[in-house]
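Q: Let's see this in three dimensions:
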Amino acid sequence: MAGSLRLAPAALALAFFAAPAAAVGQVSITLDEAVRQTLRNNHEIAVERISAQAAEADTRIAESEFFASLGASADLSGNKSPNASALADPVTESGRLTAGAQISGKAAWGASYRLGVDTGRAQSGSTFQSLDPVYNAALSLTVTQPILKNAGRQVNTWRVETSHAAMKMAENSVKAKVDAAVTAVVTAYWELIHAQKSLEANGQLLAWARELERKIRIQVEAGTLAPLEIVAAQASVASAEERVVAAESLVERRADNLLAIMNPPAASPLQNGHIQAEPVLGAPSAPPEKDYAAMALENRPELAIARLEIEAKNVELVYQENQKLPSLDLSATLRANGLRGGAQPSVDIKTGQTKISPLDGDFGSALADSASGRYYDYSLGLTFTMPLDGTGMEARRAKSAFALQTAVLKLKNLERAVANEARDAHREAVNGLKRLQAATASRALAEKRLEAETSKFEAGASTLFNVLALQKDLAAEKEKEGRAMADLMIAKTALARAVGRSLEAQGLALEGTKPQ
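A: Prediction:
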C-alpha cells in the first residue's frame with residue numbers, strides 16, 4: 001500500500017500548460033485558429049465592411065461634382081419660300097447645318113466653366129448673297145465665378161471632405177468591431193481553458209478518491225480499519241463525482257460560447273464535435289511598463305471616429321457660415337469668330353458695281369480665322385442676389401455650430417474614459433500576474449502538504465479525514481491557479497483592446513482579416 005497512495009513529485013510538478021488527452025469526438029483548435037475563424041465569419045464585421053464600401057461610394061459621388069462633362073449637338077434645317085420683294089429672288093431656298101461640342105464643369109474653388117466650339121454651314125442660293133455657301137466657326141469660353149456666397153475651395157468641397165471623413169469613420173468602425181471580436185473570442189478561449197483545467201483538477205480528485213476508497217475497502221476487509229472508514233471514502237467519491245459533473249457542464253457551456261463567437265460554417269468539423277482548446281504555450285508575464293493612456297489616445301478607433309466627426313462638423317459649419325452671405329457672381333465670356341464661304345459676284349447697292357467678297361474659303365479657313373483671334377467679342381457681368389430674410393440660413397448655421405460643440409464635448413469625455421480604461425487595464429494585468437504567482441505558490445504548497453499527509457496516513461500517523469480534506473484543498477488550489485491564469489490572459493487581452501492593439505497582440509494585421 002505504501003506506493004499506492006503516495007503522489008509522485010513528477011505528477012505534482014505537472015505544468016499548467018500541459019494538455020489533457022483529447023476525448024473521442026473532440027475537435028482541437030488553437031487560439032490563432034479561433035481568432036481567424038471569428039474574423040472570417042463575424043457578421044457584424046461583415047456589415048461594417050459593407051458600410052465602409054458604401055461610404056467609399058458616397059465619396060466618389062461627392063467627387064463627381066467636379067468631373068468635367070463632354071457635350072455635342074447637331075442641327076439640320078431648311079426652307080423654301082416665295083418672295084414678294086423686288087430686291088429678292090422670286091423663290092428663296094436655304095439650308096443650314098450647325099454642330100457644336102463643349103466641355104463644361106465646375107472647379108473646386110466654385111467657378112463654373114464652358115469651353116466650346118460651334119460650327120455651321122448655310123446655303124441660300126440668293127443672287128444677293130456674297131458668300132454661298134457660308135461657313136462659320138467660333139471658339140468660346142464662359143466662366144462664372146462666385147465672389148461672396150459659394151466662393152472658395154473649402155466651401156465648394158465640403159461634401160467631399162465630409163464624405164472622406166465618413167469613409168474614414170467607417171474604416172475605423174471596422175477596426176473597432178474587429179477589436180471587439182478579437183477580445184470576445186480570446187476571452188471565451190481562455191474561459192474554456194479554465195473550464196478544462198477545472199475538469200482536469202476535479203477528475204484528478206475523483207481518481208484519488210476512488211483509489212483511496214479501493215485501498216480503504218481492502219483494509220476494512222482485512223480488519224485493519226473500522227467499517228465506518230469506508231463510508232467516509234464513499235462520501236468523498238460521491239462529492240468528487242458531483243464536482244466532475246459540474247465541471248463537465250461548465251466545459252460544455254464554455255465550448256458552446258466559443259463556438260457561437262467563432263460562428264463557423266455549417267459544414268465545419270467544429271459544428272459536429274466537442275471543441276477542445278489547446279493550451280497556449282509560454283511563460284506568463286506582465287505587460288511592459290509603457291504610457292498606455294497615451295497609446296490608447298493615439299490608437300483607439302473610437303477616438304479616431306470622434307475626431308473625424310469633429311472635422312466633418314467643422315467643415316459643414318464653414319459652409320453654413322458662407323451661405324449667410326449674399327450672392328455676387330462675376331460672369332465673363334470670350335468668343336473668337338471665323339467666317340468664310342464660297343465667294344460669288346454681287347452688286348454693291350451703294351455703287352452699283354460688281355464685287356467679290358474677300359472672305360472666300362472653306363470650313364478649314366473659317367476655323368483657322370476663329371483660332372487666330374482676329375475676330376472676337378466678349379462680355380462681362382455681375383449678378384447680385386440677397387435674400388430679404390436670412391432666418392433660415394442663420395438657423396442652419398446655428399444648428400451646425402451646436403453639432404460641432406456637442407462633438408467636441410463627446411470627444412473630451414471619450415478621451416478621459418479611454419485613458420482611464422487603459423490605465424485600469426494595465427493595472428489589472430499587472431495585478432493578475434501577482435495573483436497567478438500567489439496561486440501557483442499556494443498550489444505547490446498544497447501539493448507538498450498532501451504528499452506529507454499521505455505519507456503520515458500510510459505510516460498510521462494521520463487520518464483519512466485529513467487526507468481527503470487536503471485532496472480537496474489541492475483540487476481547489478489548482479482551480480484557483482487556472483482561474484488566475486485565465487484572468488491574467490483575459491486582462492492582457494482587455495489591455496490590448498484598451499490601447500487599440502487587439503490584432504497586433506495576436507500577431508495579425510487588419511489587411512489579413514478580409515472575408516475569404
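Q: How are the strands of the stretch 1-150 of the chain distributed by residue range?
A: 26-29, 69-82, 91-106, 112-123, 131-146 (DSSP state E, counting those that start in this stretch).
Q: Same question for the chain.
A: 26-29, 69-82, 91-106, 112-123, 131-146, 274-277, 327-343, 346-347, 354-355, 375-385 (DSSP state E).
Q: weakest of these by average pLDDT?
A: Ranked by mean pLDDT, the strands of the chain end with strand 346-347 in last place, scoring a mean of 64.
Q: And the helices in the stretch 201-350 of the chain?
A: Here the stretch 201-350 of the chain has its helices, by DSSP state H, counting those that start in this stretch, at 228-262, 292-299, 301-323.
Q: Take those and lay them out in TSV including mean pLDDT and mean neighbour count.
A: Heads up, the C-betas are built off the backbone N, CA and C, glycines and all. Output for these, formatted as TSV (pLDDT from 0 to 100; neighbours: other C-beta atoms under 10 Å):
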stretch	mean pLDDT	mean neighbour count
helix 228-262	91	17
helix 292-299	93	18
helix 301-323	95	20
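Q: Present those as TSV; the columns should include distance to L464.
A: Listed next are these as TSV, based on distance: least, C-beta to C-beta, whole Å:
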stretch	distance to L464
helix 228-262	6
helix 292-299	52
helix 301-323	59
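Q: Show me the one of the strands of the stretch 1-150 of the chain that comes nearest L281.
A: Proximity to L281 (C-beta to C-beta) singles out strand 26-29 among the strands of the stretch 1-150 of the chain, at 13.9 Å.
Q: just the strands of the stretch 1-150 of the chain: most buried one?
A: Highest mean neighbour count of the strands of the stretch 1-150 of the chain: strand 131-146, a mean of 19 (counted as mean count of other C-beta atoms under 10 Å).
Q: What angle do strand 112-123 and that one make with each other?
A: Strand 131-146 and strand 112-123 are oriented at 170 degrees to each other (axes from the mean of the first three to the mean of the last three C-alpha atoms, to 10 degrees).
Q: S124 is nearest to which of the helices of the stretch 201-350 of the chain?
A: So among these, helix 301-323 is nearest, using C-beta to C-beta, at 52.5 Å.
Q: JSON lines for the strands of the chain, including distance to A166?
A: Shown next, in JSON lines, are the strands of the chain (distance: least, C-beta to C-beta, whole Å):
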{"stretch": "strand 26-29", "distance to A166": "38"}
{"stretch": "strand 69-82", "distance to A166": "26"}
{"stretch": "strand 91-106", "distance to A166": "22"}
{"stretch": "strand 112-123", "distance to A166": "26"}
{"stretch": "strand 131-146", "distance to A166": "26"}
{"stretch": "strand 274-277", "distance to A166": "39"}
{"stretch": "strand 327-343", "distance to A166": "29"}
{"stretch": "strand 346-347", "distance to A166": "68"}
{"stretch": "strand 354-355", "distance to A166": "70"}
{"stretch": "strand 375-385", "distance to A166": "32"}
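Q: quick one: which of those is nearest G432?
A: It's strand 274-277; of the strands of the chain, that one is closest to G432 (C-beta to C-beta) at 19.1 Å.
Q: Pull up the distance across stretch 271-291, start to finish.
A: 42 Å (C-alpha to C-alpha, to the nearest Å).
Q: so R210 makes contact with V237?
A: Yes - using C-beta atoms under 8 Å, R210 is in contact with V237, at 5.7 Å.
Q: thinking again about what came up before, which of the strands of the chain sits closest to E421?
A: strand 274-277 (27.2 Å).
Q: So which residues make contact with the closest one?
A: 22-23, 25-29, 31, 34, 189, 192-193, 196, 252, 255, 258-259 (C-beta atoms under 8 Å, 6 or more residues apart in numbering).
Q: Strand partners (parallel or antiparallel) of that strand?
A: strand 26-29 (parallel) (DSSP bridges).
Q: ok, L503 to L258 distance?
A: Per C-beta to C-beta, to the nearest Å, L503 is found 19 Å from L258.
Q: A398 now?
A: 51 Å.
Q: out of the strands of the chain, nearest to K478?
A: strand 274-277 (17.1 Å).
Q: Check the offset of the closest one from the chain's centre.
A: 31 Å (C-alpha atoms, centre = their mean, to the nearest Å).
Q: what do you get for stretch 152-163?
A: Relative to the chain's own centre, stretch 152-163 is displaced by 23 Å; criterion: C-alpha atoms, centre = their mean.
Q: What's the mean pLDDT across that stretch?
A: For stretch 152-163, mean pLDDT rounds to 93.
Q: Just the buried residues of it, please?
A: V155, N156, T157, W158, R159, V160, E161, T162, S163 (16 or more other C-beta atoms under 10 Å).
Q: can you put the strands of the stretch 1-150 of the chain in a markdown table and add distance to G342?
A: As requested, these are exported to a markdown table (distance: least, C-beta to C-beta, whole Å):
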| stretch | distance to G342 |
| --- | --- |
| strand 26-29 | 89 |
| strand 69-82 | 18 |
| strand 91-106 | 14 |
| strand 112-123 | 9 |
| strand 131-146 | 6 |
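Q: and A283, which of the helices of the stretch 201-350 of the chain is closest to it?
A: helix 292-299 (21.9 Å).
Q: Could you name the helices and strands sitting against that closest one?
A: On a contact count with 3 or more C-beta pairs under 8 Å, 6 or more residues apart in numbering; DSSP states H and E, helix 292-299 meets helix 391-458, helix 464-498.
Q: most tightly surrounded among those helices?
A: helix 464-498 (a mean of 22).
Q: List the beta-bridge partners for Q276.
A: According to DSSP bridges, beta-bridge pairing links Q276 with S28.
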